[in-house]
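# Build me a structure from this.
(one chain, ligands or ions: 1)
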Amino acid sequence: MSDMEIVDRIAMCVERGKVDKNAPYPPDMKGLDGVKELTAQALAGGMDPNIVLTCGLMAGMSVVGKKFSKNEVFVPDLLMAAKAMNAGMEQLKPAFDSGAAKHKGTFIIGTVQGDLHDIGKNLVRMMLEGAGWKVIDLGVDTPPEKFLAELEKNPGAVVGLSALLTTTMVNMDKTVKLIREKVPATIVCVGGAPLTQEFCDKIGADAYAPDPQGIIEYLDEKICNN
Ligand code: B1M
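Residues are numbered from 1 along each chain as shown. A predicted model of the protein is given here:
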């Protein structure tokens with residue numbers, strides 16, 4: 001299989017929610033390789049992990065997202081796609097881990113309260129770990145107080161907030177306000193599909209980036225070059 005064919009198949013398996021070879025779902029793909037095997041094969045063949053991620057895993061998820069917006073697929077389809085995507089991300093993790101020998105600092109990350117989306121947050125975590133940060137992952141549906149408690153245990157840590165729903169962006173605002181009130185000097189980074197630089201400025205966060213690389217570059221500029 002060519003590199004192009006393999007990433008296209010990974011994207012298709014994410015779209016269809018085909019996790020691995022043993023998965024019985026979807027029935028018409030029973031016995032075929034899934035995201036887990038195809039991602040492993042792509043990496044074993046020397047393919048750039050960033051290409052596998054963007055042209056395979058993320059491309060497949062983007063198709064699902066667009067179909068969901070048009071009511072062509074439904075929540076169970078999203079769940080299966082997310083499960084398949086996570087299976088691929090598990091395979092990619094070692095490739096993104098390699099730069100983690102000496103930590104640049106501690107980064108506390110979580111998806112804000114009320115929000116259960118964690119694929120993007122997990123990607124940010126993996127890429128930060130790969131870029132040399134020690135990352136403490138608070139998971140999803142994280143109340144403002146939990147971010148604060150972790151920050152108090154890790155003085156000087158950077159905090160990263162992810163939100164995927166317009167309805168949970170308000171909880172990002174609350175979290176930033178609490179952190180500003182209790183530990184004002186903290187660097188707070190925000191991201192997630194519905195966010196904008198304007199929203200970041202409005203809630204008083206330090207940095208917004210549409211993707212993990214943007215956060216890495218901001219931190220390299222802000223902290224590591226000082
Ligand atoms: Co939901 N969902 N979902 N969903 N879901 C969206 C977000 C939605 C846009 C779909 C749509 O309508 N087209 C829509 C939100 C609409 C809105 O508010 N504007 C939506 C909805 C409505 C819902 C429910 C309300 C559906 C329902 O129940 N009726 C429900 C809410 C549940 C809840 O959270 N309380 C819901 C549920 C779910 C599932 C659980 C089924 C599943 C999540 C599974 C999981 O995460 N484990 C799911 C999924 C998979 C999606 C879509 C299809 C994909 C999201 C995703 O993982 N993208 C999504 C549609 C879409 O985005 N096309 C959708 C891939 C991921 C790599 O991208 O998360 O954007 P993303 O992360 C990017 C950047 O944003 C950035 O870096 C990442 C890599 O580039 N980034 C950061 C993210 N966090 C960052 C933090 C940073 C910096 C960058 O600094 C700290």
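# now the protein, which segments are flagged as low pLDDT?
98-102, 130, 224-226 (pLDDT under 70).
# Go ahead and produce PDB holding the CA coordinates of the longest helix belonging to it.
Secondary structure of the chain per DSSP state H: the longest helix is helix 75-97. The C-alpha trace of helix 75-97 is given here as PDB (Å, rounded to 0.1, in the frame of the first residue of the first chain):
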ATOM      1  CA  VAL A  75     -24.000  10.700  18.400                       C
ATOM      2  CA  PRO A  76     -23.300   6.900  18.400                       C
ATOM      3  CA  ASP A  77     -21.400   7.300  15.200                       C
ATOM      4  CA  LEU A  78     -19.300  10.100  16.800                       C
ATOM      5  CA  LEU A  79     -18.600   7.900  19.700                       C
ATOM      6  CA  MET A  80     -17.300   5.100  17.500                       C
ATOM      7  CA  ALA A  81     -15.200   7.500  15.500                       C
ATOM      8  CA  ALA A  82     -13.800   9.000  18.700                       C
ATOM      9  CA  LYS A  83     -12.900   5.400  19.900                       C
ATOM     10  CA  ALA A  84     -11.200   4.600  16.600                       C
ATOM     11  CA  MET A  85      -9.300   7.900  16.700                       C
ATOM     12  CA  ASN A  86      -8.100   7.300  20.300                       C
ATOM     13  CA  ALA A  87      -6.900   3.800  19.200                       C
ATOM     14  CA  GLY A  88      -4.700   5.500  16.600                       C
ATOM     15  CA  MET A  89      -3.500   8.200  19.000                       C
ATOM     16  CA  GLU A  90      -2.300   5.400  21.400                       C
ATOM     17  CA  GLN A  91      -0.100   4.100  18.600                       C
ATOM     18  CA  LEU A  92       1.200   7.600  17.900                       C
ATOM     19  CA  LYS A  93       2.000   8.500  21.500                       C
ATOM     20  CA  PRO A  94       5.500   7.000  21.600                       C
ATOM     21  CA  ALA A  95       6.400   9.000  18.500                       C
ATOM     22  CA  PHE A  96       5.400  12.300  20.200                       C
ATOM     23  CA  ASP A  97       6.900  11.300  23.500                       C
END
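# what's the helix or strand for the residue nearest the centre of the chain?
Nearest to the geometric centre of the chain sits residue 120, at 2.2 Å (C-alpha atoms, centre = their mean). Per DSSP states H and E, residue 120 falls inside helix 119-130.
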